[in-house]
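>>> I would like to see how this sequence folds:
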Amino acid sequence: MIAVVVSRADRASEHVGERLLALADWTEHEDDARPDANGGGTYHRTTVAGTGIERRAFDDLHIYLDDPVPAFSERPEFLVFVSRHSGDTGPLLTCHFTGNFGAAEYGGADGSFAPACPGVQRALVEGFHEHAPGGYDVAIECTHHGPTDVSVPSLFAELGSDEAEWDDPDGAAAVARAVLDLPERDATESVGDPDDPRHLVGFGGGHYAPRFTRVVEGTEWGVGHVASDWQLDELGPPQERRDVLADAFAASGARFTMLDGEHPALERALAALAESSDGPDVRVVSETWVREVGDRPLDLVASLEADLRSVDEGLRFGASRATEYEVREFPADLLAEAQGVDAGATRAAVTERTVAFETNENGTRAAGSAAFPSPATGDATAARDGLIGDLASVLGEKYDEVTRTDGAVVARVAAFDPAAAAELGVPEGPKFGRLAGGSAVEVDGETVGPGDVTREREERFPV
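Residues are numbered from 1 along each chain as shown. Presented below is the predicted three-dimensional model:
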């Protein structure tokens, strides 16, 4: 069951709550055991894609509520606070988790966090993009207010950013539709494996967290709690607040973090957290790492980075999803020549044949070694041999004949031989150029044709 909290002290919340009732078939119920001001009285239930949704209203602003979960008829999987957003951002649909990295100025407790649900946030952002009226932007925000005492994962779904939007029926309907869509989007607390989720804690950047919004929108990862630059100021010296940092990771179900900007003191505190016996196994990763890793098994990624190199040092992933592999060196000279002939076709061949591979030049050129799939004995050898054949085919774009012998790929091409031209008396200059281009020239009354100055050149590429 999904719980939805409406605040009567928030006009946008009430507006979204009204649109929720208008957009689905609800049944009306009475709860005489609780005060109407605290979620009792009349409440509503509906079912979407086999999942129950229960809507209850409270008098207080969301940020000052105690745990609303006991008000609901059953314990929900997660809870959504529908709310207004206030700011100078223009029309905006936004969502975020709740907590405080520092003092609790707007509800909740100091240095405390409600449990996050990054998988639900991803689904909500998808719904915002689908239903947002023209002119509305979509974003996630940093963690910056209460409540913190919520016994199930929860998040805010907000309509902003001023009175015009709070009263906008299309904007309110967009938030309501995104909430009602959550069961059909299979929204769950976690992103990926619940036992090892693809969750990040975010540090740094602005309040509206554009870098972390990109992660939610464009990768297979989810983002939990986010401390913007101003929240880091509220946190204080990171080394002295390692308990708060650890709680942010725990509440996010995360062991990875991404930083927006330079934060050396924070990085030292995170490193100390990872080294402590009772701290989370925290790893700081880059946006490149997140995008390249995607949905690949995290234990496989760790193994590949140990056996080859890290993603930030140039590891890239191939098309093979084999979890067993053998590391073999690339045929260096053949690979370099193929990349010079057709870099795109070469990259496609390397990607197709490997689990992962090393690169240089900012990830643009394969080089060094690769992990070839080896579910069975000999598979890695076959995969590497297949790549050699692919690279030989690429050389066919430049050479007249390409063959494979024991231990080498041999490429032959008929090419203009300047020495032969000189022996026949052809002066350097325009006539050299015409011969090289395939045209005959006249020298001392004699015709010298391209065939007279062409010699076969052979290149051998050890494999």
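>>> Glu287 and Thr213 touch, don't they?
No - Glu287 is not in contact with Thr213 according to Cβ atoms under 8 Å; the separation is 11.8 Å. Placement of C-beta: from N, CA and C, glycine included.
>>> which non-adjacent residue is nearest Arg255?
Asp281 (5.1 Å; Cβ to Cβ, 6 or more residues apart in numbering).
>>> quick check: pLDDT value at the one you found.
For Asp281, the pLDDT comes out at 87.
>>> hang on, it in a strand?
No - counting by DSSP: H, G, I helix; E, B strand; the rest coil, Asp281 falls outside a strand, being coil.
>>> and it, how many neighbours?
Neighbourhood size, Asp281 [other Cβ atoms under 10 Å]: 10.
>>> burial count for Glu456?
Using other Cβ under 10 Å: Glu456 sits among 11 other residues.
>>> identify the bridge partners of it.
Beta-bridge pairing for Glu456 (DSSP bridges): Ala414.
>>> list the contacts of it.
Arg412, Val413, Ala414, Ala415 (Cβ atoms under 8 Å, 6 or more residues apart in numbering).
>>> from Val341, how far off is the second one?
In this case it means Val413. Distance of Val413 to Val341, given as Cβ to Cβ, to the nearest Å: 11 Å.
>>> find residues that contact each of these two.
By Cβ under 8 Å, 6+ apart, the residues touching both Val413 and Val341 are Lys398.
>>> can you tell me which helix in the chain is longest?
helix 379-395 (DSSP state H).
>>> flag the shaky bits of the protein, pLDDT-wise.
453-454 (pLDDT under 70).
>>> what are the contacting residues of the longest helix of the chain?
With Cβ under 8 Å, 6+ apart, helix 379-395 has contacts from 320, 325-326, 328, 331, 334-335, 337-338, 341-342, 345-346, 349-350, 352-354, 370, 372-374, 402, 404, 409, 411, 463.
>>> rerun that using 7 Å as the cut-off
325-326, 328, 331, 334-335, 337-338, 341-342, 345-346, 349-350, 353, 372-374, 402, 404, 409, 411, 463 (Cβ atoms under 7 Å, 6 or more residues apart in numbering).
>>> among those, which ones are in helices?
Leu334, Leu335, Glu337, Ala338, Val341, Ala345, Thr346, Ala349, Val350, Arg353.
>>> pick out whichever of those residues sits closest to Met258.
Nearest to Met258 out of the ones in helices among the contacts of helix 379-395 is Val350 (Cβ to Cβ; 27.7 Å).
>>> tell me how far the nearest residue to Asp59 once chain neighbours are set aside lies from Ala57.
With sequence-adjacent residues excluded and distances taken as Cβ to Cβ, 6+ apart, Asp59 is closest to Ala37, at 4.0 Å. Remark: distance between Ala37 and Ala57 (Cβ to Cβ) = 9 Å.
>>> those two: which is more packed in?
Ala57 (22 against 12).
>>> tell me which other helices or strands the helix or strand hosting that one touches.
Element membership of Ala57 [criterion: DSSP states H and E] is strand 51-58. Contact partners of strand 51-58 among helices and strands, from 3 or more Cβ pairs under 7 Å, 6 or more residues apart in numbering; DSSP states H and E: strand 2-7, helix 11-23, strand 41-48.
>>> now do it: everything it contacts.
In contact with strand 51-58 (Cβ under 7 Å, 6+ apart) are residues 1-8, 17, 20, 37-39, 43-46, 65, 68, 71-73, 183.
>>> of the residues you listed, buried ones?
1-7, 17, 20, 38-39, 43-46, 65, 68, 71-72, 183 (16 or more other Cβ atoms under 10 Å).
>>> circling back to that earlier point, what's the closest of the contacts of Glu456 to Ala132?
Val413 (57.8 Å).
>>> skipping adjacent residues, who's closest to the closest one in space?
In space, Val413 is closest to Tyr399, 4.5 Å off (Cβ to Cβ, 6+ apart).
>>> quick check: that neighbour touching Arg412?
Yes - between Tyr399 and Arg412 there is a contact at 6.2 Å, judged by Cβ atoms under 7 Å.
>>> comparing the two, which shows the higher neighbour count?
Comparing Tyr399 with Arg412 by other Cβ under 10 Å, the one with more neighbours is Tyr399, at 21 against 14.
>>> how's the chain carved up into domains?
Taking automatic domain parsing as the reference, the chain has its domains at 2-290, 296-398, 411-462.
>>> what about the residue nearest to Val282 when sequence neighbours are not counted, how many residues nearby?
Spatial nearest neighbour of Val282, chain neighbours left out: Ala274 (4.4 Å); criterion: Cβ to Cβ, 6+ apart. Applying other Cβ under 10 Å, we find 14 residues neighbouring Ala274.
>>> doesn't Ala274 belong to a strand?
No - in this structure, Ala274 is helix, not part of a strand, as judged by three-state DSSP.
>>> what about the residue nearest to Val311 when sequence neighbours are not counted, which SS state?
Nearest residue to Val311, sequence neighbours excluded (Cβ to Cβ, 6+ apart): Trp289, at 4.6 Å. The three-state assignment at Trp289 reads helix, by three-state DSSP.
>>> what do you get for the one 3 residues further on?
Glu292 carries the three-state label helix when classified by three-state DSSP.
>>> correct me if wrong: it contacts Glu313.
No - between Glu292 and Glu313 there is no contact under Cβ under 7 Å: 11.6 Å.
>>> who touches Ala103 in this structure?
Asp110, Glu234.
>>> mind giving me the packing neighbours of the host helix or strand of Val201?
Assigned by DSSP H and E, Val201 belongs to strand 199-204. Judged by 3+ Cβ pairs under 7 Å, 6+ apart, strand 199-204 is in contact with strand 222-227, helix 229-235, helix 242-252, strand 256-260.
>>> the longest one: how far from the chain's middle?
Which is helix 242-252. 22 Å (Cα atoms, centre = their mean, to the nearest Å).
>>> check which helices and strands it sits against.
Right, helix 242-252 is packed against strand 112-113, strand 199-204, strand 222-227, helix 264-275 by 3+ Cβ pairs under 7 Å, 6+ apart.
>>> centre of the chain to whatever helix or strand comes next after the second one, how far?
On the C-terminal side of strand 199-204, the closest following helix or strand by DSSP H and E is helix 210-218. Its chain's average C-alpha position is 7 Å from that of helix 210-218, according to Cα atoms, centre = their mean.
>>> got the angle for helix 210-218 vs strand 199-204?
On the basis of axes from the mean of the first three to the mean of the last three Cα atoms, to 10 degrees, helix 210-218 is oriented at 150 degrees to strand 199-204.
>>> quick one, helix 210-218 and strand 256-260 angle?
Using the same axes, to 10 degrees, helix 210-218 lies at 130 degrees relative to strand 256-260.
>>> would you mark the buried spots in helix 210-218?
Under 16+ other Cβ under 10 Å, the buried positions of helix 210-218 are Arg211, Phe212, Thr213, Val215, Val216.
>>> any chance of those in a markdown table, plus distance to Ala104?
Output for the buried residues of helix 210-218, formatted as a markdown table (distance: Cβ to Cβ, whole Å):
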| residue | distance to Ala104 |
| --- | --- |
| Arg211 | 26 |
| Phe212 | 22 |
| Thr213 | 25 |
| Val215 | 27 |
| Val216 | 26 |
